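Colleague: need a structure here:
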Amino acid sequence: MANVASAFHAGELAVQARAGTLGVASELSSALSSALSPAAGVLISSLPYAFITSVEPGTRRVWTSPAFATGENPLRAISSTQIELNRPAIPADDPFHANTSSTPHAPVSLLAIDLLRRQRYRTNGTLHGSHIAVTEAFPNCPKYIQRRELQPHSAFSPPVSSAEQSKAAESDRLDDEAALKLVANSDTFFIGSFLEGVGADTNHRGGARGFVRVLSDGRALRWGEYRGNGMFQTSGNLALSPRAALLFLDFERGDVLQISGSASVEWTAELDPLERAAMLDDADHSILFRIERVRFTRGATQFRWHLLDASPYNPALRPFASHDANVQQQQQQQQHCQQRGVLLRLVKIVQESDTVRTFRFVAPTRQRFLPGQYATLLFEGAAVSSRGENGGVVRTWTISETAQSPVLGDDTLEVSIKRKDGGKMSTLLHSLTVASAQALQASGELRIALLGIDGELTPVVDDSNIGGGIRVKADKLLLLSGGIGITPFVAMIRGLRAFGFHGVDVVALHSEQRANDLPFRAELERRARDDSRLHFWQFVTRECIAPLEADANKSAIGVREGRIDVSAIQTLAPDVREREVFLCGPDGFLVSITHALESLGLDAQKIHTERFDF
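Modeller: Residues are numbered from 1 along each chain as shown. Down below sits the predicted model:
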């Protein structure tokens with residue numbers, strides 16, 4: 001990974017340039033930090049499993065290892081720059097121990113990933129005894145994470161002891177039938193890389209079941225590298241240093257497959273026609289992994305997971321002749337499901353501001369969602385391919401309305417979208433009228449489908465699946481937003497009142513560059529005027545608000561110049577420590593606000609945020 005001061009190293013920049021994501025990566029680099037955020041510390045400490053990469057001192061061979069709770073969780077954040085490692089959480093015969101026990105300042109990398117909530121956080125640093133000194137820390141997007149739930153009976157089962165655990169079978173290739181089947185049926189694996197002078201890195205890879213192809217009689221693997229946030233840290237490391245490691249986990253049996261070897265980045269356009277025809281997907285580049293060492297451990301953990309749903313972002317796969325019939329059938333089913341989704345009709349467009357429009361879609365059946373959650377939509381057809389996107393486009397936007405019923409859901413969905421210069425889908429949608437959209441849909445030139453609804457950024461909890469009802473997380477909320485990040489908070493304000501939570505006190509502080517950029521102004525004015533428990537303030541960062549002061553007495557929305565900072569939060573929400581805080585906005589905004597809240601001594605567990613940099 002890159003040194004935070006320079007953002008990205010030469011390998012990362014080269015891959016970003018080739019993939020056309022230099023601008024996006026530059027914008028997102030503000031999320032790279034040399035310290036853990038409060039929310040990251042909570043996530044890291046709360047998980048009963050983690051994945052950690054280490055490096056053999058002499059050969060510089062890379063290994064990625066599992067860590068499973070042994071009465072206490074594998075990791076504990078003891079400060080913003082220190083993480084305590086529970087060494088017994090890593091199997092006793094794992095290479096990690098030999099790689100780090102006699103090496104001072106051994107390079108290591110951690111991946112904390114919540115499979116149920118689709119959250120992941122990467123931390124790179126050096127190991128000193130049982131303490132990891134953080135050198136780089138950053139969140140990653142939820143793309144390609146299959147949602148899995150840790151089974152309660154396994155979560156509370158005694159950990160597998162070294163005596164009970166079978167010894168790892170070692171080889172120089174994939175020659176174990178169970179290991180081959182694990183790879184062929186996998187929808188998830190973990191990858192470690194290492195670059196001298198920079199450090200180790202651990203990441204996650206996911207796709208449709210069977211997205212990893214076994215080559216050369218079990219001596220090589222290939223998979224497509226799908227675009228996430230566009231920073232390409234793993235591909236960037238591999239562009240300069242081939243040493244890498246893979247870890248496959250059998251979520252149903254508890255087996256662990258570890259592979260060490262070398263990897264190279266291969267651009268699809270440069271492959272010969274036969275290799276290109278054998279690609280399982282339409283990724284613009286892939287990773288060819290050459291296997292050197294294999295460790296396969298049966299029953300490595302007592303944990304078992306249940307698959308809830310696949311990521312709606314998983315690209316559809318083309319069946320490949322060398323896969324068995326079951327995998328081909330799974331791929332065809334996955335492709336069919338992804339091509340279908342739940343068809344939506346566009347029925348209404350509302351201009352919310354100069355740059356924001358709300359689009360209302362109607363679904364054939366009711367969809368359940370909570371205020372603040374997001375929808376993942378698929379756009380296909382000639383109207384999309386004419387913009388250079390032949391395989392369809394998947395986009396995620398917050399649902400800005402609230403459901404008619406929190407339990408039964410609603411058959412209408414509204415998303416509020418800001419027009420972005422160069423944005424293929426935002427410019428397409430903003431160019432439509434209802435009539436032109438319906439004509440395109442009727443002719444088949446534009447197909448819009450709902451792939452899924454997800455998200456944790458909501459103050460409402462639905463306990464109906466366990467015999468309860470709808471409840472709110474707290475009776476005092478602080479909503480802090482920037483730009484289009486206001487959309488989940490509009491949904492929250494609407495939903496709280498629509499669901500009968502009239503006693504919840506809401507302070508909302510929102511930042512815009514210009515006063516007229518505020519979407520939903522008329523509605524927010526009305527709500528702030530009529531609702532004594534809603535206090536809304538707009539901060540304007542790039543223009544003088546003097547012309548607005550004459551209307552100050554007429555407006556229920558407070559307007560201030562400058563940015564939302566510690567002083568503003570203390571003044572407008574003096575009881576901030578008593579509130580649950582929700583954040584949404586650009587990366588720079590999230591970083592500065594998180595630091596402000598941290599300086600105010602707010603409990604990290606009270607801070608809720610969600611990233612949309614994917």
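Colleague: Residue 201 - how many residues pack around it?
Modeller: Here the number of neighbours of residue 201 (other C-beta atoms under 10 Å) works out to 27. (Glycine included, C-beta is placed from N, CA and C.)
Colleague: gap between it and residue 286?
Modeller: In this structure, residue 201 and residue 286 are separated by 19 Å, where distance is defined by C-beta to C-beta, to the nearest Å.
Colleague: And for residue 93?
Modeller: Residue 93 is 33 Å from residue 286, by C-beta to C-beta.
Colleague: Compare those two and say which is more crowded by neighbours.
Modeller: Here residue 93 and residue 286 are set side by side on neighbour count (other C-beta under 10 Å), and the busier one is residue 286, at 23 against 14.
Colleague: Quick check: that one touching residue 222?
Modeller: Yes - applying C-beta atoms under 8 Å as the test, residue 286 and residue 222 come out as touching, 5.6 Å apart.
Colleague: so residue 293, which of the three states?
Modeller: For residue 293, the reduced secondary structure class is strand; criterion used: DSSP: H, G, I helix; E, B strand; the rest coil.
Colleague: how about the helices in the stretch 251-400 of the chain?
Modeller: Listed in chain order, the helices of the stretch 251-400 of the chain (DSSP state H, counting those that start in this stretch) span 273-277, 325-340, 382-385.
Colleague: Now tell me which of those the model trusts least on average.
Modeller: If you rank those by mean pLDDT, helix 325-340 sits at the bottom with a mean of 46.
Colleague: So which bits of stretch 494-507 are buried?
Modeller: By 16 or more other C-beta atoms under 10 Å, the buried positions in stretch 494-507 come out as 494-497, 499, 501, 504-507.
Colleague: just these now: which is nearest residue 476?
Modeller: residue 505 (4.9 Å; C-beta to C-beta).
Colleague: related to what we said a few turns ago, could you identify the most distant pair in the buried residues of stretch 494-507?
Modeller: Spatially, the most separated pair among the buried residues of stretch 494-507 is 499 and 507, at 19.3 Å (C-beta to C-beta).
Colleague: Quick check: residue 393 vs residue 576, distance?
Modeller: As judged by C-beta to C-beta, residue 393 and residue 576 stand 40 Å apart.
Colleague: Settle it for me: which of the two has more neighbours?
Modeller: Set residue 393 next to residue 576 and count neighbours by other C-beta under 10 Å: residue 576 wins out with 20 against 17.
Colleague: doesn't residue 347 make contact with residue 434?
Modeller: Yes - in this structure, residue 434 is within contact of residue 347 by C-beta under 8 Å, at 6.6 Å.
Colleague: correct me, but residue 438 touches residue 344?
Modeller: No - because the distance of 11.7 Å does not satisfy C-beta under 8 Å, residue 438 is recorded as not touching residue 344.
Colleague: So for the two, which sits in the more crowded spot?
Modeller: Between residue 438 and residue 344, counting by other C-beta under 10 Å, residue 344 is the more crowded of the two (23 against 15).
Colleague: any weak-confidence spans in the stretch 401-550 of the chain?
Modeller: By pLDDT under 70, the low-scoring segments of the stretch 401-550 of the chain are 544-550.
Colleague: try it again with 80
Modeller: Screening the stretch 401-550 of the chain residue by residue with the criterion pLDDT under 80, one finds the ranges 405-408, 422, 464-468, 515-516, 542-550.
Colleague: all strands of it, in order?
Modeller: In the stretch 401-550 of the chain, the strands defined using DSSP state E, counting those that start in this stretch lie at 410-418, 447-454, 460-462, 470-472, 476-482, 505-512, 534-540.
Colleague: any idea how far residue 359 lies from residue 446?
Modeller: 12 Å.
Colleague: Repeat that for residue 87.
Modeller: Plainly put, residue 87 is 55 Å away from residue 446 if you go by C-beta to C-beta.
Colleague: who has more neighbours, these two?
Modeller: Comparing residue 87 with residue 446 by other C-beta under 10 Å, the one with more neighbours is residue 446, at 22 against 17.
Colleague: What separation is there between the more buried one and residue 439?
Modeller: Taken as C-beta to C-beta, the spacing of residue 446 relative to residue 439 amounts to 9 Å.
Colleague: can you check residue 16 too?
Modeller: Applying C-beta to C-beta, one obtains 39 Å for the distance of residue 16 from residue 439.
Colleague: Which of the two has more residues huddled nearby?
Modeller: Here residue 16 and residue 439 are compared on neighbour count by other C-beta under 10 Å; more neighbours surround residue 16, at 22 against 13.
Colleague: Show residues contacting the helix or strand that one falls within.
Modeller: Assessed by DSSP states H and E, residue 16 sits inside helix 10-19. Residues outside helix 10-19 that contact it (C-beta atoms under 8 Å, 6 or more residues apart in numbering) are 2, 8, 22, 25, 195, 227, 230-233, 235-241, 265, 267, 284-285.
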